[in-house]
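# Next comes the sequence, and after it the predicted model I'd like to discuss.
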Amino acid sequence: MPPKFDPAQEQRICEALLELNSNSTLKLRQLAIKYRVPLSTLSARRRGRPPASSKGGQNKALTKTQDDALKGYITFLNYIGQPPTQFAVRRAANTILRNAKVGAFEGVGKNWAVRWLLRNKDFWKSIRPKTLQAERKATHQKSDLLNHFLDFQHAIQKYGIAQDDVYNFDETGFRIGVLIGGTKVITHVATKAVYLSNPDNRESITSVECISAGGDVIPLMIIMAGKVMLEKHFDNSLNSDTLLAVSESRYSNDVLGLKWLHHFHRFTEAKKKGVWRMLIFDGHGSHLSDDFLLFAWEKKILPFLFPAHTTHLLQPLDVGVFQPFKH
């Protein structure tokens, strides 16, 4: 049988750790003798292992509150159509534990997620996802579009999202330089076609734009091709809040996607009307990394994705004035 939890001993351990935090030159063995606690237990607490009373039995790594938070996060991912893998569940659990610990951090093991799913088999199961046929994905069925708007309405009600807290963001790319296709030249009447060399040194950049249903605009993110940016090379009249970034492809990636989400949070947190904000966008891979989804969950930002291959029909920043609410 596991040793019985001793609250008096746990109190002495806390006092020993407080003294160690105030004087890092002290030895654990000295403190264990002084406070009459097992050296192994004191060492485990220092590494971040919680007391047995906080685990709820069965050698659980998470407290009940932390376990509920993990379930809430999985529900959140399934709700937005991005059910997690076992790796993502384990990573989320480690993030919860890391945020709750002070000092050294000891994460859950490789097989922890499997055991956690078995303990919660009444709520969760693992299945292999199936891919849609390409022709099925490319078909814009009326029922799919209707379900999209019904899901949107349900999400607004479920999370109590105000109109001003609904945002749409999109990326657009454009090239800097003369557009050959739009250029007219003068030639002989008998000439059928004129071919000009394509200037390979023309620069391409990506602009990330975001606007709310209430008309609020988030400062741009501009992504340029390259590895580093030197301030001395910039001479422009851009808004000082414009976020400048570089990538070798000049397209967004996991790192830049998360960087933009931090940028979004910075400019919308103080002005939000409710608890949750909604962010409408396509399901591009750089928008759905684990770090992106974890940050969105922590900051109460609800991603809302378009059905596959429908952005040209549904993207508010593409098809018209952004007015998702009717009064």
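Happy to help now that I have it.

# all helices for the stretch 151-300 of the chain, in order.
Ranges of helices within the stretch 151-300 of the chain are 254-268, 290-298, based on DSSP state H, counting those that start in this stretch.

# Reformat these as JSON lines; add distance to residue 107, mean pLDDT and mean neighbour count.
Bear in mind the C-beta positions are built from the backbone N, C-alpha and C, glycine included. What follows is the helices of the stretch 151-300 of the chain, written out as JSON lines (distance: least, CB to CB, whole Å; pLDDT from 0 to 100; neighbours: other CB atoms under 10 Å):
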{"stretch": "helix 254-268", "distance to residue 107": "21", "mean pLDDT": "91", "mean neighbour count": "18"}
{"stretch": "helix 290-298", "distance to residue 107": "14", "mean pLDDT": "90", "mean neighbour count": "18"}
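
# Out of those, flag the one nearest residue 91.
helix 290-298 (5.8 Å; CB to CB).

# Quick check: next helix or strand after that closest one?
Sequence order places strand 301-305 as the next helix or strand after helix 290-298, per DSSP states H and E.

# Summarise which helices and strands that next one is packed against.
helix 142-159, helix 254-268, strand 277-281, helix 290-298 (3 or more CB pairs under 8 Å, 6 or more residues apart in numbering; DSSP states H and E).

# ok, that strand: who's next to it in the sheet?
Note on strand 301-305: by DSSP bridges, its sheet partners are strand 277-281 (parallel).

# Please work out the angle formed by the directions of the strand it pairs with and helix 254-268.
If you take axes from the mean of the first three to the mean of the last three CA atoms, to 10 degrees, strand 277-281 sits at 140 degrees to helix 254-268.

# still on that earlier bit, the helices and strands packed on strand 301-305 into CSV, with extra columns for distance to residue 92?
Putting the helices and strands packed on strand 301-305 into CSV (distance: least, CB to CB, whole Å) gives the following:
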stretch, distance to residue 92
helix 142-159, 19
helix 254-268, 16
strand 277-281, 19
helix 290-298, 7
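
# Make a markdown table out of the helices of the stretch 151-300 of the chain and add distance to residue 155.
Converted to a markdown table, the helices of the stretch 151-300 of the chain look like this (distance: least, CB to CB, whole Å):
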| stretch | distance to residue 155 |
| --- | --- |
| helix 254-268 | 17 |
| helix 290-298 | 13 |
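
# hang on, the earlier thing: out of the helices and strands packed on strand 301-305, nearest to residue 67?
Of these, the one closest to residue 67 (CB to CB) turns out to be helix 290-298, at 15.4 Å.
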